[in-house]
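>>> Whatever this is, show me its structure:
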Amino acid sequence: MDWRELAGAPLPWGNRDVTQAVILTRLLAFRNFAGLPFVASAPPNLCAAAADRALSLLSRAAAPAPVRLVDCPARSIRLLREREILPGRAVAFPGKKAFKHFSCAVDGSTWTLINEVEHLTFGRLLPGCPTPETAGFPGPPPAADGEAWASLPQYGYLASDPGRIGPAVAVEQIVHLPGLALARQLPAARNYLASLGIAFQPATPATVSVPGPADTGLFRLTSRGALGRTPMETYAAHLAALAPVLRRELSARTAVRDGHPKRLKSRVELSLKRLSESRSLSHTDMLADLSMLRLGAAAGLLPPEFEALAEYLRVTVASGHLAVSSGKDMSQEEEDFSRANVVRLSLEKYRVAGI
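As a prediction, this is how the structure comes out:
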């Protein structure tokens with residue numbers, strides 16, 4: 001069956017069985033001040049001017065106090081990336097780092113970046129897969145007189161990245177696709193999404209080689225706005241494109257559960273045993289085993305609480321979080337021992353008889 005044949009079916013956003021493959025949704029909006037060059041081509045004095053205007057804007061909106069990124073320890077920067085607040089790979093602007101700032105809500109659900117590619121980047125993080133009506137793209141507070149945004153009537157908002165011109169938004173989602181991985185359908189999913197302009201990349205750290213994306217099952221999907229679309233229409237188009245992938249994922253999970261129940265149970269048991277007993281645990285090994293626990297919870301082999309536990313551990317025992325919580329940068333060996341301790345203690349509350 002062609003992937004596109006599934007695209008005409010009703011959107012499945014009320015079906016939790018389908019949408020549970022979406023772990024989180026990250027919505028971004030970009031703005032640049034009119035009359036100032038983009039950060040990539042601006043000299044330091046104009047980057048400073050953009051930062052001053054952005055900081056003034058945020059202060060009037062009573063946003064959390066901004067912090068200069070250059071003043072943050074490296075471990076805090078890693079934590080912010082693990083929290084999906086900073087981009088995975090920050091853009092280097094030699095001589096301009098002092099003018100990068102960020103302001104973040106206490107719970108990390110919303111944030112603002114200053115001079116990170118665009119003058120202002122607004123972000124919002126939502127669990128799961130919200131509907132277009134409930135997603136709510138972040139946006140700038142009202143601008144004061146003389147603080148117009150760079151825009152043109154025929155194009156909309158202007159940005160240094162041509163892909164952001166128009167509604168100046170982006171959609172990112174982290175999805176868990178173990179069914180497609182086991183069915184060896186990931187290349188087809190990637191090709192289908194690429195044909196619709198949605199990037200399909202591993203959600204694991206770029207330095208990871210083992211285990212691979214098919215083992216962890218986690219992928220980052222990214223799409224951008226288009227001329228003539230509102231932010232809500234952009235998100236709705238993203239979901240419409242994603243729907244066939246989610247349906248195929250549910251079908252593949254069902255086939256694994258019904259066709260190979262003993263094999264699936266054995267793999268879930270083995271992953272739970274490793275996580276419960278390991279004295280040293282790398283982040284990538286943990287992700288691979290957590291992938292099986294997520295699948296086990298979806299298949300009814302584990303309590304549904306294991307899905308939330310897996311997501312909690314995915315983030316909170318990553319490198320930056322462990323370093324910040326301990327107050328020091330750790331060697332790889334220390335980090336792996338610390339991670340294993342946290343995972344074991346977390347799993348003690350979720351013991352399940354017979355598994």
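>>> From residue 83, how far out is residue 157?
Separation of residue 157 from residue 83 (CB to CB, to the nearest Å) stands at 26 Å. In short, each C-beta sits where N, CA and C put it, glycine included.
>>> again, but for residue 281
Using CB to CB, residue 281 is found at 21 Å from residue 83.
>>> These two: who's more crowded?
Taking neighbours as other CB atoms under 10 Å, residue 281 and residue 83 compare with residue 281 leading, 22 against 17.
>>> I'd say the more buried one and residue 339 touch.
Yes - counting by CB atoms under 8 Å, residue 339 is a contact partner of residue 281 at 4.9 Å.
>>> residue contacts, residue 270?
residue 292 (CB atoms under 8 Å, 6 or more residues apart in numbering).
>>> tell me the secondary structure for it?
Classification of residue 270 by DSSP: H, G, I helix; E, B strand; the rest coil places it in helix.
>>> Retrieve the pLDDT associated with it.
pLDDT for residue 270: 94.
>>> Residue 209 too?
38.
>>> what about residue 174, distance to residue 99?
Residue 174 is 30 Å from residue 99, where distance means CB to CB.
>>> Kindly apply the preceding question to residue 258 instead.
Taken as CB to CB, the span from residue 258 to residue 99 is 57 Å.
>>> all strands in the stretch 101-250 of the chain, in order from the N-terminus.
101-104, 110-116, 118-127, 151-152, 156-157, 169-176, 199-202, 218-224 (DSSP state E, counting those that start in this stretch).
>>> can I get these in a markdown table with mean pLDDT?
Shown next, in a markdown table, are the strands of the stretch 101-250 of the chain (pLDDT from 0 to 100):
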| stretch | mean pLDDT |
| --- | --- |
| strand 101-104 | 93 |
| strand 110-116 | 94 |
| strand 118-127 | 94 |
| strand 151-152 | 88 |
| strand 156-157 | 90 |
| strand 169-176 | 94 |
| strand 199-202 | 90 |
| strand 218-224 | 92 |
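>>> if we can go back for a sec, give me the more crowded residue out of residue 258 and residue 99.
The residue with more neighbours, out of residue 258 and residue 99, is residue 99; 24 against 10, by other CB under 10 Å.
>>> My read is that the more buried one contacts residue 46, right?
No - applying CB under 8 Å as the test, residue 99 and residue 46 come out as separate, 9.3 Å apart.
>>> With residue 298 as the reference, name the closest of the strands of the stretch 101-250 of the chain.
strand 169-176 (8.7 Å; CB to CB).
>>> ok, the closest one: who's next to it in the sheet?
strand 22-31 (antiparallel), strand 218-224 (antiparallel) (DSSP bridges).
>>> would a markdown table of the ones you listed with mean neighbour count and distance to residue 95 be doable?
As requested, the strands paired with strand 169-176 are arranged in a markdown table below (neighbours: other CB atoms under 10 Å; distance: least, CB to CB, whole Å):
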| stretch | mean neighbour count | distance to residue 95 |
| --- | --- | --- |
| strand 22-31 | 22 | 22 |
| strand 218-224 | 22 | 29 |
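>>> closest to residue 276 out of those strands?
strand 218-224 (21.3 Å).
>>> Put the alpha carbons of that closest one into PDB.
What follows is strand 218-224, C-alpha atoms only, in PDB (Å, rounded to 0.1, in the frame of the first residue of the first chain):
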ATOM      1  CA  LEU A 218      13.400   7.800  18.500                       C
ATOM      2  CA  PHE A 219      13.300  10.200  15.600                       C
ATOM      3  CA  ARG A 220      12.900  14.000  15.200                       C
ATOM      4  CA  LEU A 221      10.500  15.300  12.600                       C
ATOM      5  CA  THR A 222      10.900  18.900  11.400                       C
ATOM      6  CA  SER A 223       8.700  20.900   9.100                       C
ATOM      7  CA  ARG A 224       8.600  24.600   8.300                       C
END
